[in-house]
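# Pasted the sequence and its predicted model underneath.
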Amino acid sequence: MHGQDVRLDGVSITYPNGFTAVHPTDLTIEAGEFFSILGPSGCGKTTILRAVSGFVDPSAGRILIGGQDMAGISPERRPTALIFQNLALFPLMSVRENVAFGLEARGKPKRERLARAQELLDLVALGDQGDKKPTELSGGQRQRVAIARALAVEPAVLLLDEPLSALDLKLRQHMRAELRAIQQKTGVTFIYITHDQGEALTMSDRIAVMNNGRIEQVGTCDAVYSSPVSAFAASFVGEVNAIAGRATGAEGGYLRVDTALGPLVARNPNGLAAGAMVYVFVRPEAVTLHPGADDNRLAVHFERRDLEGAFVTLHLRAEANGQAIAAQLPNTGASGDAAAIRAVGFSRDAAIALPEGALAKTGKEDMAAQ
């Protein structure tokens with residue numbers, strides 16, 4: 001098996017009722033890449049997946065797989081396989097027969113398809129489960145059967161639409177590692193749809209952040225997390241404190257911002273100038289309880305402490321206006337006197353100033369100034 005690249009060239013998708021699910025989009029996914037499209041429900045990410053697989057036709061633009069234009073090519077003739085949330089395994093067939101089903105549909109001899117099914121079951125660590133029915137397996141095992149069945153037809157591109165959403169947290173975390181390992185073993189191009197930032201950041205070579213039918217940012221996980229390009233991307237990918245303000249001046253790649261919480265300084269990648277309405281974004285893990293002389297400083301009072309295993313999240317309120325501020329610390333016991341905290345800080349290099357825009361509706365709205 002080997003992966004092929006996927007290219008969207010000016011692809012847009014508008015339904016007969018006039019609703020545009022995907023606005024004109026250019027996107028290239030490299031051969032053999034684990035690529036995730038991340039965004040909230042209804043943002044258009046599944047529509048893109050269905051267009052790549054051939055179940056939805058673009059209203060404009062082209063989809064190319066391995067350099068070949070997919071226009072007029074039906075789903076079963078494309079070098080793709082699609083895994084849905086519900087897996088759709090055949091309950092009356094054995095696990096081995098499920099995996100071999102696609103090969104039977106392609107006319108492969110029984111001996112060949114059963115041998116290939118066994119190879120794939122070995123690949124997904126289910127080599128001794130072939131005679132069982134799907135109902136006898138755990139949720140994670142059924143997930144791996146669906147992957148093996150999809151790989152049986154040797155797709156160049158495997159399309160996965162939120163396949164882990166029905167699993168519990170521990171199993172979901174385990175399956176992330178499993179999926180990544182399978183992708184690396186096979187070299188198949190994976191395009192993975194999710195609204196779960198943890199999944200995208202854990203597994204992907206690159207991610208695309210999508211909102212309202214438009215891709216807002218494409219990059220490596222580190223780049224999107226550390227250097228978001230829009231208010232939406234900053235607030236959707238990971239937890240973040242968002243502090244609204246007006247720019248008062250720019251110098252040396254930094255922006256000075258007047259906010260209700262006091263004056264702040266942050267990185268200024270967009271070259272914003274005085275007068276611009278902005279958000280200053282800072283991740284909770286960058287907030288320190290002992291601000292230095294050169295740090296941005298916020299007067300706060302303690303609200304609560306959440307123990308989350310390896311780390312502790314302190315929920316604070318700004319004295320100026322009551323805005324929620326989160327600080328995340330390693331669980332070393334250093335936060336034991338959190339109730340006495342009166343000020344926190346963060347360095348200018350840990351903060352980024354971006355043009356004011358819509359924040360992601362992920363329950364984080366209280367993290368932004370009202």
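Looks like it arrived, so ask away.

# Spatially nearest residue to Ala326 (excluding sequence neighbours)?
Sequence neighbours aside, Pro284 is the residue nearest to Ala326 in space, at 4.2 Å (criterion: C-beta to C-beta, 6 or more residues apart in numbering). Heads up, the C-betas are built off the backbone N, CA and C, glycines and all.

# my guess is that neighbour contacts Asn241, does it?
Yes - Pro284 is in contact with Asn241 according to C-beta atoms under 8 Å; the separation is 6.6 Å.

# before we move on, back to that, state the number of residues packed around the residue nearest to Ala326.
20 (other C-beta atoms under 10 Å).

# Kindly provide the distance from it to Ala358.
For Pro284, the distance to Ala358 (C-beta to C-beta, to the nearest Å) stands at 21 Å.

# Identify the contacts common to Pro284 and Asn241.
Ala326 (C-beta atoms under 8 Å, 6 or more residues apart in numbering).

# quick one: the strands in the stretch 1-150 of the chain?
6-14, 20-29, 34-38, 60-65, 68-69, 80-83 (DSSP state E, counting those that start in this stretch).

# Now render those as TSV, adding mean pLDDT.
Shown next, in TSV, are the strands of the stretch 1-150 of the chain (pLDDT from 0 to 100):
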stretch	mean pLDDT
strand 6-14	97
strand 20-29	96
strand 34-38	96
strand 60-65	97
strand 68-69	96
strand 80-83	88
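
# winner for burial among those strands?
strand 34-38 (a mean of 25; mean count of other C-beta atoms under 10 Å).

# Please compute how far it lies from its chain's middle.
Averaging C-alpha positions (C-alpha atoms, centre = their mean, to the nearest Å) puts strand 34-38 6 Å from its chain's average.

# what's next to that strand, contact-wise?
Contacts for strand 34-38 (C-beta under 8 Å, 6+ apart): 29, 45, 48-49, 180, 183, 189-197, 199-200, 203-210, 215, 236-237.

# I'd like to know which of the residues you listed are part of strands.
Of these, the ones assigned to strands by DSSP state E are 29, 189-194, 206-210, 215.

# and those as TSV, adding distance to Gly140?
Listed next are these as TSV, based on distance: C-beta to C-beta, whole Å:
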residue	distance to Gly140
Ile29	26
Thr189	23
Phe190	18
Ile191	21
Tyr192	17
Ile193	19
Thr194	17
Arg206	26
Ile207	23
Ala208	27
Val209	28
Met210	27
Ile215	31
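
# Give me the lowest-pLDDT entry from these.
Across the ones in strands among the contacts of strand 34-38, the smallest pLDDT goes to Thr194, namely 90.

# who does that residue bridge with?
When assigned by DSSP bridges, Thr194 has beta-bridge partners Leu38.

# Ok, Phe346 next?
Asn296.

# can you count the residues close to it?
Neighbour tally, Phe346, other C-beta under 10 Å: 26.

# Got the confidence number for it?
Here the pLDDT value assigned to Phe346 is 96.

# Can you tell me which of the strands of the stretch 1-150 of the chain is nearest to Glu308?
Shortest distance between Glu308 and those, using C-beta to C-beta, is found for strand 34-38: 22.0 Å.

# just the buried members of the contacts of strand 34-38?
29, 45, 48-49, 180, 183, 189-195, 197, 199-200, 203-210, 215, 236-237 (16 or more other C-beta atoms under 10 Å).

# coming back round to it: return the member of the ones in strands among the contacts of strand 34-38 nearest to Arg342.
Nearest to Arg342 among the ones in strands among the contacts of strand 34-38, with distances taken as C-beta to C-beta, is Val209, at 36.0 Å.

# Quick check, that closest one in contact with Ala223.
No - between Val209 and Ala223 there is no contact under C-beta under 8 Å: 11.0 Å.

# and the protein, what are its domains?
Domain assignment for the chain, taken from automatic domain parsing, gives 6-225, 239-355.

# Would you reformat those domains as JSON lines and include distance to Phe232?
Shown next, in JSON lines, are the domains of the chain (distance: least, C-beta to C-beta, whole Å):
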{"stretch": "domain 6-225", "distance to Phe232": "5"}
{"stretch": "domain 239-355", "distance to Phe232": "10"}
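
# Mind checking these for the one nearest to Ala231?
domain 239-355 (5.4 Å).

# Kindly check the end-to-end length of that closest one for me.
Across domain 239-355, the terminal residues are separated by 18 Å (C-alpha to C-alpha, to the nearest Å).

# tell me how far it is from the chain's mean position?
Distance, centroid of domain 239-355 to centroid of chain: 24 Å (C-alpha atoms, centre = their mean).

# same check, this time on stretch 163-182
14 Å.

# could you give me the average pLDDT of it?
Mean predicted confidence for stretch 163-182 is 81.

# List the buried residues for it?
Those would be Pro163, Leu164, Leu167, Leu171, Arg172, Met175, Arg176, Glu178, Leu179, Arg180, Ile182, for stretch 163-182 by 16+ other C-beta under 10 Å.

# So the last one sits against Ala150, correct?
Which is Ile182. No - Ile182 lies out of contact with Ala150 (C-beta under 8 Å); the separation is 10.4 Å.

# Show me where the stretch 251-370 of the chain has its strands.
254-259, 262-267, 277-282, 296-308, 311-318, 324-330, 343-346, 351-355.

# Glu30 and Asp5 touch, don't they?
Yes - judged on C-beta under 8 Å, Glu30 makes contact with Asp5 at a distance of 5.5 Å.
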